[in-house]
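Engineer: Take a look and give me a structure for this.
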Amino acid sequence: MPVQLNHTIVRARDKKRSAQFLAELLDLEVQPQFGPFLPVVTANDVALDFADAGAEPVVPQHYAFLVSEEEFDAIFGRIKAAGLAYYADPGRTRPGQINHNDGGRGVYWLDPDGHVLEIITRHYGAEGRTG
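Structural biologist: Residues are numbered from 1 along each chain as shown. Sure thing, here's the model as predicted:
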């Protein structure tokens with residue numbers, strides 16, 4: 001079997017709020033709690049397991065999601081409808097814009113814990129990619 005990402009843990013101040021925030025924007029479902037984790041599973045079966053950080057500080061991470069053009073339009077519409085700030089770049093120097101890297105579209109925004117979320121319609125480096 002080839003190596004595949006199965007899950008990752010997303011630390012949050014409030015795992016229910018953060019899991020619901022992501023699920024609603026991406027049109028996914030929050031799955032039943034599994035141990036201390038509240039999973040949100042993507043179409044390629046990767047689980048983002050939200051966990052309460054407790055007394056630990058939440059260290060912002062970056063999570064990027066590859067979506068179709070139609071999904072981009074729908075998600076971007078929900079981002080704008082929610083009044084969220086969005087950016088064309090991860091450094092947040094191009095507010096209110098999307099990017100067109102590699103012939104696709106991409107946008108970044110923050111979740112309630114400061115994690116940087118991204119949707120893209122093409123793999124970065126897609127022009128030279130073989131897989």
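Engineer: Can you tell me the centre-most residue of this structure?
Structural biologist: residue 117 (4.0 Å; CA atoms, centre = their mean).
Engineer: what sits against that one?
Structural biologist: 22, 25, 63-65, 108-111 (CB atoms under 8 Å, 6 or more residues apart in numbering). Placement of C-beta: from N, CA and C, glycine included.
Engineer: try 10 Å
Structural biologist: Going by CB atoms under 10 Å, 6 or more residues apart in numbering, residue 117 touches 21-22, 25-26, 61-65, 75, 79, 84, 86, 107-111.
Engineer: Narrow those to those in strands?
Structural biologist: With DSSP state E as the criterion, strands contain 62-65, 107-110 from among these.
Engineer: List only buried entries from these.
Structural biologist: For the ones in strands among the contacts of residue 117, a neighbour count by 16 or more other CB atoms under 10 Å gives the buried set as 65, 107-109.
Engineer: how about those in JSON lines, adding pLDDT?
Structural biologist: Below are these laid out as JSON lines (pLDDT from 0 to 100):
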{"residue": "65", "pLDDT": "98"}
{"residue": "107", "pLDDT": "98"}
{"residue": "108", "pLDDT": "98"}
{"residue": "109", "pLDDT": "98"}
